[in-house]
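In: can you look at this prediction? I've put the sequence above it.
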Amino acid sequence: MAFRNLLFFSFFSIFLLQLQPSISQTTVKAAYWFPASEFPVSDINSALFTHLLCAFAALDPQSNQLIIPTSSQATFASFTTTVQQKNPSVQTLLSIGGGRSDPSAFASMASQPTSRKSFIDSSIRLARANGFRGLDLDWEYPQTAQQMLNLGTLFDEWRAAVVSESQSSGRPQLLLTAAVHFSANRDSLSYPVQSIGRNLDWVNVMAYDFKGPGWSGDSTGAPAALYNPSSRFSGSAGIDVWIGAGLSAKKMVLGLPFYGYAWKLVDPNQNGLGAPASGRATEQGVASHGSISYWQIKAFVGRSGATWVYDPTVVTDYCYAGSTWMGFDGVRSVAAKVSYAQSKGLLGYFAWSVSGDSNWELSQQASGTWDGLNLSAKTTSAREMQAVI
């Protein structure tokens, strides 16, 4: 009788394990790449990453199937083999959606069993056909409580399909991840945290875009503050909400922006955080909504002689010259954030995106800080680390 009970328990345990996310990750050092950046895939220093995400596949709203734009098909098909030339162990994921996709198409797809199945089946086929190790959903954002519930159902069914495909094909389960809001709550709506915890390998927490001239143009600010005692909009506040909602820290990866935002100062003599501003700067490299890549910020500093400041209180860098003011993450901010991620027990970090880096200095800083902390005393806090940076 005891043997039969043990046998039953063993089979039941195996069954439960099959429903868990595909593999137990130990560290995630990830970054996104997207074709509009015009950054060659072959130039990615993949040795600095454990995972690279190829963005974005699109959702066909008529068929509810996943498609890769025709102009990107060849690049996406060769993405994995290309980045693995420099790092054979790097794992690749096909990212779906993105900030410029139509959220209503995802809401419609997720609302019905048949349309969810069309999406899920096509996503698995597309990932396997193009050599990707996993799939990443970037739905920005569910707009109602029902849509959040549907998102949780989608994750349940997606994981079950991935398990089934793995069993029938003999291949390892595909990784399943998602890019999510910096907080588990958005506009009074709550993410399906329990479904996320049991179905996804991790979530990419987008802890950035807190301030920008397109939506907060009357004053400068830290676009990706790690700490903000006067506001709930900060990376640390968002992580705390996710943990408080029940998501394990080991299911979270902290977002690092390899870009910043540029404001036009009202008075060049008032040039700190919170200085009066009048919209975006028109400096070379600044996009219409005010964003600018880190390498372009470095170029601006070089040609303008801008003053560069690191603020350890909120964890941000900024620079200014004349009436131009830019907020961003430099190497000191990146080091402090990676230190914070380890102090909170997070799984790792990710960057948007590889094309924004300058000679790989942010990527090298992030990877080196993570590895260095793995060798150092775990009791060192993020704020203590800031003091020595």
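Out: Yes, it's here.
In: pull the CA atoms of the longest strand seen in the chain into PDB?
Out: When the chain is scanned for its longest strand (criterion: DSSP state E), the result is strand 51-59. In PDB, the C-alpha atoms belonging to strand 51-59 read as follows (Å, rounded to 0.1, in the frame of the first residue of the first chain):
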ATOM      1  CA  HIS A  51      18.500  36.100 -23.600                       C
ATOM      2  CA  LEU A  52      17.800  38.300 -26.600                       C
ATOM      3  CA  LEU A  53      14.300  39.200 -27.700                       C
ATOM      4  CA  CYS A  54      13.500  39.800 -31.400                       C
ATOM      5  CA  ALA A  55      10.700  42.400 -31.700                       C
ATOM      6  CA  PHE A  56       8.000  42.400 -32.900                       C
ATOM      7  CA  ALA A  57       5.700  39.700 -34.500                       C
ATOM      8  CA  ALA A  58       2.200  41.100 -35.200                       C
ATOM      9  CA  LEU A  59      -1.300  39.800 -34.500                       C
END
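In: tell me what the very next helix or strand once past that strand is packed against?
Out: The helix or strand immediately downstream of strand 51-59 is strand 66-67, counting by DSSP states H and E. Taking 3 or more CB pairs under 8 Å, 6 or more residues apart in numbering; DSSP states H and E as contact, the helices and strands that strand 66-67 lies on are strand 51-59, helix 113-129. The C-beta positions use only the backbone N, C-alpha and C, and glycine is treated the same way.
In: His172: neighbour count?
Out: Not quite, residue 172 is Pro, not His. By other CB atoms under 10 Å, the residues close to Pro172 number 12.
In: can you confirm it is in a strand?
Out: No: checked against DSSP: H, G, I helix; E, B strand; the rest coil, Pro172 lies outside a strand; its state is coil.
In: wait, it touches Ser166, no?
Out: Yes: assessed by CB atoms under 8 Å, Pro172 is found in contact with Ser166 at 6.4 Å.
In: which ones are touching Lys344?
Out: Neighbouring residues of Lys344 by CB atoms under 8 Å, 6 or more residues apart in numbering: 239, 243, 249.
In: spatially, what comes nearest to the last one if we skip its sequence neighbours?
Out: With CB to CB, 6 or more residues apart in numbering as the measure, Gly345 is the residue that lies nearest to Ala249, at 4.0 Å, once sequence neighbours are left out.
In: so what's that neighbour scoring on pLDDT?
Out: Among the per-residue scores, Gly345 shows a pLDDT of 98.
In: my read: it touches Leu254, true?
Out: No: with the criterion set as CB under 8 Å, Gly345 and Leu254 do not qualify as a contacting pair; they are 11.4 Å apart.
In: who's more crowded, the two?
Out: Regarding Gly345 and Leu254, a neighbour count based on other CB under 10 Å identifies Leu254 as having more, with 28 against 12.
In: outside of the helix or strand where the more buried one lies, which residues touch it?
Out: Counting by DSSP H and E, the element that carries Leu254 is strand 252-257. By CB under 8 Å, 6+ apart, the list of residues contacting strand 252-257 from outside reads 28, 30, 182, 202-209, 223-224, 235, 239, 242, 328-329, 334, 337-338, 340-341, 346-352, 356, 362, 366.
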